[in-house]
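> My questions are about this predicted structure, shown below with the sequence.
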Amino acid sequence: MQVCIPPPLRSYTGGRARVEVVGSTLGAVLDALDARYPGLRFRIVDEQDRIRPHIRFIVREEFAPTLAYPLETGDEVQIICALSGGSSDLNFNHQGTKTPRRQGRFVPWASP
């Protein structure tokens, strides 16, 4: 099955956006990914074998909530990473005082 790798994790897959692996559950797919790309699983699953809070999986157009989620031949697994960061709603001007910020940022992300 195809696994869509989000940009923040592609450094583990040599820049690949899509990877082909075999597995009957989400956990088995992650094990197969980690066998081929060591360290990738730890970025997705914590020490207690729980999916990290900033990671989501989509299979058959619905969220796959656990590692036991069953997969079917031909499924596509999309890994989604939440992105955070940036700046606060306040800016410091050249006098060192705070002024409200009215601009925001949107960073589009698309997988090929």
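On my side now, so go ahead.

> Going by length in residues, pull out the top helix of this protein.
Using DSSP state H to define each element, the chain has its longest helix at helix 26-36.

> what residues does it touch?
1, 3, 19, 21-23, 40-42, 44-45, 49, 57, 59, 64, 66-69, 71, 77 (CB atoms under 8 Å, 6 or more residues apart in numbering). Bear in mind the C-beta positions are built from the backbone N, C-alpha and C, glycine included.

> try stretch 18-25
Under CB under 8 Å, 6+ apart, the answer for stretch 18-25 is 1-5, 13, 28-33, 36-37, 67-71, 111-112.

> List the buried residues for it?
Going by neighbour count (16 or more other CB atoms under 10 Å), the buried part of stretch 18-25 is 19, 21, 23.

> go on, stretch 28-35?
28-34.

> How far does stretch 36-52 stretch from one end to the other?
Stretch 36-52 stretches 21 Å from its first residue to its last (CA to CA, to the nearest Å).

> same check, this time on stretch 13-30
OK, stretch 13-30 end separation, CA to CA: 13 Å.

> Could you check how far that stretch is from the centre of its chain?
Put simply, stretch 13-30 sits 13 Å off its chain's centre (CA atoms, centre = their mean, to the nearest Å).

> Return the distance of the residue nearest the centre of the chain relative to Phe57.
The chain has Cys81 as the residue nearest its centroid, 2.8 Å off, counting by CA atoms, centre = their mean. Between Cys81 and Phe57 the computed distance is 11 Å (CB to CB, to the nearest Å).

> Next: Leu71.
For Leu71, the distance to Phe57 - CB to CB - is 10 Å.
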